[in-house]
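J.: predicted model and sequence below, questions to follow.
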Amino acid sequence: MKATSIANIKKELKHKSPEELIELCLRLSKFKKENKELVTYLLFEADHENGYIESIKQHIDTQFQAINTKSYFYIRKSVRKILTQTKKYIRYSQNKETEVELLLYFLQVLKDFKPSYKRSAQLQNLYNRQLALVKKTVSTLHEDLQYDYNLLIENL
């Protein structure tokens, strides 16, 4: 089955009743975990962005504490998983400030992590790529926010 375009879906949704839309949303949220997480964010957390950011930061802390530090292989694998999850949460928000906050926090935790990420070329590259991404994203924000975030970036 070939998926139709977003424009066609939008047109078709305009012809549905509110009850049918509710049923479609519930069915969509049952289909995949990410859909359910997105609906949860949109319904319960979109209005409280600061609380959402704090909950993600706690999740990042928990994940970093659970990393197996016996080998850099496990560290790299775990850090990539944490970054993937963080990017997923950023996608839900679609807010540039949230993206910068979460990526800066991720980089700070990675920087403070023991054993040091600097002993692994792959982790150094990951760190540098994310730092470059943060700098690029900060450049699109308001000037006052740019100044504040650039001070944080300099500490990294």
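T.: Alright, I've got the coordinates.
J.: could you use CA atoms for every contact and neighbour count after this?
T.: OK.
J.: for L145, which non-adjacent residue is closest in space?
T.: In this structure, L145 finds its nearest non-sequential neighbour in V138, 7.8 Å apart by CA to CA, 6 or more residues apart in numbering.
J.: need the contact list for that neighbour.
T.: By CA atoms under 8 Å, 6 or more residues apart in numbering, the contact set of V138 is 100, 145-146, 149-150.
J.: next: T98.
T.: Going by CA under 8 Å, 6+ apart, the list of residues near T98 reads 49, 53, 90.
J.: where does the first one fall, phi/psi-wise?
T.: Here is the backbone geometry of E49 (degrees, to the nearest 10): phi -60, psi -40.
J.: nearest residue to it in space, please, no chain neighbours.
T.: T98 (7.8 Å).
J.: go through the helix or strand that contains the one you found and flag the buried ones.
T.: Per DSSP states H and E: T98 is located in helix 96-112. By 16 or more other CA atoms under 10 Å, the buried positions in helix 96-112 come out as 96-108, 110-111.
J.: from the residues you listed, pick the one nearest Y74.
T.: The nearest member of those to Y74, counting by CA to CA, is L110 at 14.2 Å.
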